[in-house]
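> Could you look at this predicted model? Sequence included:
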Amino acid sequence: MTIDINAHRWSFLRPEKADSYINLYNIHREEGWKELLPSTMRRQFATAREILNRMNDGKLGVLLADDVGLGKTTVAVLCALVFAGSEKRVRILAPNEMMARRWRQELELHIGAVADFATHLKLKDAVKRVRDSVKRLHSGTIEVSTHFKANQLACDLLIIDEAHRTRSENSNLAKGIECQSGSIGRVLVLTATPFSIDPNDLARLLTRIGAEDAEKPMREYARMLDELWRGRLSGDPEKIAEQLVQAARTAVKHIRPFVIRHGIDDLPARERQAFGEIDDNNNAGGLTVPDDLLEAMLRTDRALALGRKCKKSDIQRRNDPRYHVALGKLDNDLKSLRDAVDPDSDDDSEALAARHVKIARQHIKANGRHPKITDTVKAAREFVEAGEKVLVFCDHHLPAVELAVAIADEIRWPEHKGKGPAKRIWMSAWESVFADIAEKAEMRDGRGRSTTRLKHYIDWLISPGVRMQLESWLGSNLQSTISDTELKRLLEKTRARSHQACDKIAAHARQLFSQLVDPESGSTRAILLRNEATRLPGTTKARIAAVCQPETETSLQKHPGVFYPGQPDATLAVFNSPFGPDVLVTTDRLSEGVDLHRFCRHLIHHELDPSPVRIVQRNGRLRRVNSWAARTKPKQSIRILYPALQGTRDEKLVEIVRYRMLQFDLLLGGVRTEVDPDSACKSSLTTAAEVLDLARTRLGRIRLGILHTKRKPSS
């Protein structure tokens, strides 16, 4: 069954027309919003065209599995606009509201250009903003919602973003698709990590897009791969490798018609240069565990075991991974056990548990800061002192908070010595920079909300933290006697961060303001309207922002302007500019669907998630089109650090995850999502390595991208 759209309607998606499209896009693009590259746009045009051709040929759906950072959203938006412009109904489901806003922004960025470029498409009223409810769609409209609103999915094209989040057959979205399959025309599934979820889940995912014939070979491949990682395949590695290769080839044969996947390393050299190269052959130094900390962890383990024995503790996890990256969880568990056990108890187990707790807490107090926290702070400081921004990921909130506090205490702007111009001079200079914007705002709504937001934004620009940052960029050209006119001239001619890859300071300030007042960024607009200065990062001397949730209000009170546990849009916008915090500490809340690459090329995995999939997603925040690494002159690498405590569970976890990261794109990226350092066997890893090396030689790199597919054009 065709999709009842003449193929000529997407004939404009020809790679050779990409340059002309970019010219139109730039006319509609506002200051500071995403730029398009010709080489990338050509691939995205070709990919969108191929998806539409496959759907028109009768495929129920297509799985777009391009690497993180390759622009799957842009490809999907082009497909959505073709459907909507052909008077079809389109639903887009994002994992959460933050990512739904990114989709709406992407639609806004492209709809004007596509309407002008493909005048035969009816796009004037295509985008329908829906935030809180899912209503009946009308022809020619696009609705953006979330995975959780799957009660009404009737549409001609359903786009599911980050589909690996709903891979389970028991998920609300999976049930919704199954129940309403008769009212869904075509399905476009997006995920950068489809082959590193449980391949059995992938088999189920393929059935949702009409690839039922792929389920059996995919499950057979999954079975062999899982047994290999678990060390259950014994015998001649040559024979095992050959069996695995045959299973992989059979699976690929069946999924190829439904799957499109490009890897960054598969791209032509010209396009690949825009992403930057990864340098992960470094660590944050030798991290030796102090004897007192090691003893504290061992005594805690024993105390918890005794506490359960005497029924005084219900803490299930004894060797918690958080013990190896920070002290907070270790100390909390000891305090909990201390309050539960009586050192004078007649129960020997309870009395001994109390003794272990007392000694362990003494060792923690004597140890001071956790050695891994110390090392990460040191590495971050070195990058910041070199004029760079740093992204740090943690797996849990508690270690993230502890790390953020340590960085806030040590990486700070120096005390102001009064050498710069007075605050009123700064304000006058910035008011001159924004004079035309202020005039337009006043003409539009009088001295109303737009003018108020601009005034409060300028207040942020002259806050102590941002002002010290600007003074460091302006350097010796900045004197205390400078006039506001001279200061404005400096802001308009000096590059931000004193870096050739940056635009002028004033230009970046205008670009950031444009993003903060974007209609989709409701939270940032509200912040500027209410003048909640501390909710915009960068105002204080601490050169850090943290997107994590402190357990109490204490950290928020003691470290104002550091923690942003609520809506992170403002934090993301500022970190993606030259201004504001030089260090961003976050949990995996920001590991998907956001850009963090515009001015950052350093990433530290302070606490690893045990899933290699998550590491791929994290690294993809920086390795994206037009990355900071690619724009620096000469080009710099994206530096990824994996600090680890020697001789501990932490070191073993890093070793296993990094090894499996090397195998990620081999054999459909088949790595188990979870790794257990406590039960991992060195011999089984060695066997798996040997088998996979043999399989790689025989199978080569599996290519599912259209860059490697010759196809007759659809009629």
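In hand now; what should we look at?

> pretty sure V189 is in a strand, no?
Yes: secondary structure of V189 (DSSP: H, G, I helix; E, B strand; the rest coil): part of a strand.

> Strands of this protein, start to end?
Assigned by DSSP state E, the strands in the chain fall at 61-64, 90-94, 127-128, 142-146, 155-160, 184-190, 259-260, 278-282, 389-393, 544-547, 583-586, 600-605, 638-641.

> Report the strands that pair with the longest one, each with its relative direction.
Read that as strand 184-190. strand 61-64 (parallel), strand 155-160 (parallel) (DSSP bridges).

> what is the mean pLDDT for the shortest one?
The pLDDT scores in strand 61-64 average 93.

> could I have it exported to PDB, CA atoms only?
The C-alpha coordinates for strand 61-64 follow below in PDB (Å, rounded to 0.1, in the frame of the first residue of the first chain):
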ATOM      1  CA  GLY A  61       7.900   1.900   8.900                       C
ATOM      2  CA  VAL A  62      11.600   2.700   8.900                       C
ATOM      3  CA  LEU A  63      14.100   2.700  11.800                       C
ATOM      4  CA  LEU A  64      16.600   5.600  11.500                       C
END
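
> what's next to it, contact-wise?
47, 51, 54-55, 72, 75-76, 163, 186-191, 194, 205-206, 208-210, 255, 258-261 (C-beta atoms under 8 Å, 6 or more residues apart in numbering). C-beta: built from backbone N, CA, C; applies to glycine.

> mind listing what's buried in stretch 573-580?
If you call a residue buried by 16 or more other C-beta atoms under 10 Å, then stretch 573-580 has these buried ones: A573, V574, F575, N576, S577, P578, F579, G580.

> Now for these: which two are most distant?
Spatially, the most separated pair among the buried residues of stretch 573-580 is A573 and P578, at 12.1 Å (C-beta to C-beta).

> Please name the bridge partners of the closest residue to N96 other than its chain neighbours.
Computed as C-beta to C-beta, 6 or more residues apart in numbering, the closest residue to N96 that is not its neighbour in sequence is T146, at 5.9 Å. Listed by DSSP bridges, the beta-bridge partners for T146 are A94.

> what's the pLDDT at T146?
88.

> same question, M1
Note for M1: predicted pLDDT of 56.

> From here on, call the first residue 32.
Okay, using 32 as the starting number, the last item reads as M32.

> hmm, back to that, what count of nearby residues applies to the residue nearest to N127?
Each residue near T177 was counted by other C-beta atoms under 10 Å, and the total is 19.

> Which segments of the chain make up each domain?
The chain is divided into the following domains under automatic domain parsing: 41-223, 322-399, 446-570.

> Which residue of this structure lies farthest from its centroid?
D377 (53.4 Å; C-alpha atoms, centre = their mean).

> can you list contacts of stretch 60-70?
By C-beta under 8 Å, 6+ apart, the residues outside stretch 60-70 that reach it are 49-50, 53, 56-57, 140, 299, 301-302, 305, 538-539, 541-543, 545-546, 656-657.

> Now that stretch: buried residues?
So stretch 60-70, judged by 16+ other C-beta under 10 Å, has buried residues R60, G63, W64, L67, L68, S70.

> need these in TSV with distance to R670 and pLDDT, can you?
Converted to TSV, the buried residues of stretch 60-70 look like this (distance: C-beta to C-beta, whole Å; pLDDT from 0 to 100):
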residue	distance to R670	pLDDT
R60	30	80
G63	26	68
W64	27	76
L67	27	91
L68	23	91
S70	25	92
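
> biggest separation within those, which pair?
It's G63 and S70 that sit farthest apart of those, by C-beta to C-beta, at 22.3 Å.

> Quick one: distance of stretch 43-60 to the chain centre.
Centre-to-centre, stretch 43-60 and its host chain are 27 Å apart (C-alpha atoms, centre = their mean, to the nearest Å).

> So the residue nearest to N127 versus P126, what's the distance?
In this view, T177 and P126 are 7 Å apart by C-beta to C-beta, to the nearest Å.

> And the helices in the stretch 332-481 of the chain?
Here the stretch 332-481 of the chain has its helices, by DSSP state H, counting those that start in this stretch, at 359-371, 379-398, 402-416, 428-441, 454-464, 466-476, 480-492.

> Name the residues that touch the fifth one?
For helix 454-464, the external contacting residues (C-beta under 8 Å, 6+ apart) are 469, 489, 492-493, 498, 513-516, 518-519, 522-523, 537, 540-541.

> Quick check on these: which are buried?
Buried subset of these (neighbour count, 16+ other C-beta under 10 Å): 469, 489, 492-493, 498, 513, 515, 518-519, 522, 537, 540-541.

> These into JSON lines, with extra columns for distance to R280?
Formatted as JSON lines, these follow (distance: C-beta to C-beta, whole Å):
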{"residue": "A469", "distance to R280": "64"}
{"residue": "I489", "distance to R280": "62"}
{"residue": "L492", "distance to R280": "59"}
{"residue": "I493", "distance to R280": "63"}
{"residue": "R498", "distance to R280": "62"}
{"residue": "I513", "distance to R280": "70"}
{"residue": "D515", "distance to R280": "70"}
{"residue": "L518", "distance to R280": "66"}
{"residue": "K519", "distance to R280": "65"}
{"residue": "L522", "distance to R280": "60"}
{"residue": "A537", "distance to R280": "57"}
{"residue": "A540", "distance to R280": "55"}
{"residue": "R541", "distance to R280": "54"}
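
> among the residues you listed, which two are most distant?
Using C-beta to C-beta, the buried ones among the contacts of helix 454-464 span at most 22.4 Å, a distance reached by A469 and I513.
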